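> got a predicted model here, sequence first, then my questions.
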Amino acid sequence: MSERESMYNEQGQVVGIKAPIYLKYNFTAGAAAARFLQQVKKGVLTGQRCPKCQQVYTPPRGACAACGVATEEEVRLSDKATVQSFTIVSIPIPNNPIKPPYIIANLVPDGANISFIHLMSECVNEEVHIGQRVQAVWKPQEEWDYAMDNIRYFKPLDEPDVPPEKIGKIPVTGWEG
Amino acid sequence: MRDIAIVAYQQSDIVPDAGAANEVEILMPVLKRTFAQVGINNAQDVDFVCSGSCDYLQGAAFSFVLGVDALGAVPPIKESHVEMDAAWALYESILKIRMGHADSALVYGFGKSSPGELPIVLSQQLDPYYLAPLWVDSVSLAAMQARLMLDKGLITEHDMAEVVSRSRRNARNNPHAQLAGDVSPQDVLAEETFVSPLRRSDCCPVSDGACAVVIATVEQARQWGVPYALISGIDHCIETHHIGMRDLTDSPSTRRAAANAGVRNGRIDVAELYAPFSHQEIILSRALELGADTSVNPSGGVLAGNLMMASGLSRIGEVFNRIVAGEAQRGVAHATSGPCLQHNLVTVLERAEKA
């Protein structure tokens, strides 16, 4: 059946037309996101602190969504983090090069109060748990770009677990246990 | 029925390119000033929030959700959105207050049109079977409308140039305007045509920015103790999407909305009209039957800068400014949407009798 014929059904009704849309945009991520990505290019994770509630957001979007105020203070973060939540993905996702099963985790880097999502690897999937300590595994420096996948994934650290009430409250200097 | 008033209006500078700033970053300073004008902290201090924006402008899906970051939405707030100019968000908010579901509302609109090719982007709001696949852009459609007006002898190119000249001159008093200056009709007529018969100056520029308004019941406005202007009438009407069926030389939807909003129930000191093309200001002035006693677009109108999804709300805000400044007793604000003035909203604002 040709493509043109596929636009008709057996009753001869037109059931579709082709009207592809091409629109070109000079898209910008936002001033806050641009600053974050410039630091990621250098292998540094940063956040922004809310002047009102003092929470540190990463990746920052320029605003504290809770208080509705601009977040201007830049804060340097650790690449060590704590697992806040996770899931084991067992089905292949189209266009995703990672072979299942793999782990997507909600991680709070030390020095921040809000989690971001990244991958976990070099771990036994069944042993991953909330409160687990992890650290970023970076790509070789020459491959760093303005992108979160400069970090390949996070791998477990040999550190004591963080109790649930302390997750998201670890200083940038790290977790003493 | 409960009387509803506007108590605050703020807008950003209208700029050709907001650079790296995203929606929230454009919006936040405007909302901060709006809250300050009322003396409130954030969106927690109003009963309802409604915004207007369109993801096609900058090519970002759900960009209005990012806009919520500017509100302080913890604990949760009652929030709504229209994929339209924020003047229609104001309309929704008025209904909410009239029904007694809220006593106050924050209304805001924002648009970052610079990342895309706006006239082409707007072609995708047309009929999806017959027109959108042809990529008929908004400037070309307006040019056909202007051609119709000229050939029927309803306007002259000099009339259009006078609209541009007045806009540029009025905009000199508008600190937020993108285009302002001492431009004569002769200067405009000396320009080359852009999309015939339109010259570049006959067309509004492409702009980035945002604006916000707070409305409330009169009781709430008095409690806040801030100057306010009454919204005495509002209505909107739409014409068919089939351009060939419309009389493009008139705006019957504006006429009908104006009648329903009670525009003729008193003198009109000021009118702010959302006319993205010079000839459309003439169509609208005639549809609203404005006389010489009405000051039209003292802000410069959208020929001086056009914030897509916010310019309609800005027109209402500009009339509010004139009334609370004591420069006008009564005014009409117009907002439009769609090609060649397809959809029109008319709002009447009046000075409060005694606060």
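Arrived safely. Computed from a predicted structure; not experimentally measured. Numbering: from 1, shown residues only, chains lettered A, B, ... in the order given.
> just for chain A, where's the confidence low?
Under the criterion pLDDT under 70, the flagged ranges of chain A are A:1-6.
> and if we set it to 50?
For chain A, the stretches flagged by pLDDT under 50 are A:1.
> can I get the longest strand anywhere in it in CSV? Just the C-alpha atoms.
Looking across chain A with DSSP state E, the single longest strand is strand A:80-89. Presented in CSV, the C-alpha positions along strand A:80-89 are these (Å, rounded to 0.1, in the frame of the first residue of the first chain):
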residue,chain,number,x,y,z
LYS,A,80,28.8,12.7,46.4
ALA,A,81,25.1,12.1,46.9
THR,A,82,22.5,10.2,48.8
VAL,A,83,19.8,8.0,47.2
GLN,A,84,16.4,9.6,48.0
SER,A,85,14.4,7.1,45.9
PHE,A,86,15.1,4.8,42.9
THR,A,87,13.5,2.4,40.5
ILE,A,88,14.8,-0.6,38.5
VAL,A,89,13.9,-0.3,34.9
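> what lies in contact with that strand?
Contacts of strand A:80-89 with the rest of the structure, by CB atoms under 8 Å, 6 or more residues apart in numbering or on different chains, involve A:100-110, A:115, A:120, A:125, A:128-136, A:154, A:157, A:162, A:167-168, A:170, A:174-175. Every C-beta, even on glycine, is put in place using the N, C-alpha and C of the backbone.
> what about stretch B:56-75, how long is it end to end?
Using CA to CA, to the nearest Å, the gap from the first to the last residue of stretch B:56-75 comes to 30 Å.
> picking up where we left off before, mind listing what's buried along the longest strand of chain A?
Taking 16 or more other CB atoms under 10 Å in any protein chain shown as the basis for neighbour counts, the residues of strand A:80-89 that come out buried are A:80-84, A:86, A:89.
> ok, now stretch B:188-205?
Burial within stretch B:188-205, assessed by neighbour count using 16+ other CB under 10 Å, is assigned to B:188-189, B:195, B:197-199, B:201-205.
> just give me the longest helix of chain B.
helix B:23-38 (DSSP state H).
> ok now it, how far from the chain's centre?
Distance of helix B:23-38 from the chain centroid (CA atoms, centre = their mean, to the nearest Å) equals 18 Å.
> quick one: the helix or strand that it is followed by to helix B:23-38, angle?
Downstream of helix B:23-38, the first helix or strand assigned by DSSP states H and E is strand B:48-52. Orientation check (axes from the mean of the first three to the mean of the last three CA atoms, to 10 degrees): strand B:48-52 against helix B:23-38 gives 130 degrees.
> the helix or strand following strand B:48-52 packs against which elements?
Reading on from strand B:48-52 to the C-terminus, the next helix or strand found by DSSP H and E is helix B:55-58. Of the remaining helices and strands, those touching helix B:55-58 by 3 or more CB pairs under 8 Å, 6 or more residues apart in numbering or on different chains; DSSP states H and E are strand B:104-112, helix B:118-123.
> next, the buried residues of helix B:55-58.
B:56-58.
> about what we covered before: partner strands of the longest strand of chain A, with direction?
Strand A:80-89 has the following strand partners under DSSP bridges: strand A:102-109 (antiparallel), strand A:133-138 (antiparallel).
> how about those strands in CSV, adding mean neighbour count?
Rendered in CSV, the data for the strands paired with strand A:80-89 read as follows (neighbours: other CB atoms under 10 Å in any protein chain shown):
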stretch, mean neighbour count
strand A:102-109, 21
strand A:133-138, 19
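> CSV for those strands, including distance to B:Leu288?
Formatted as CSV, the entries for those read as follows, by distance: least, CB to CB, whole Å:
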stretch, distance to B:Leu288
strand A:102-109, 55
strand A:133-138, 62
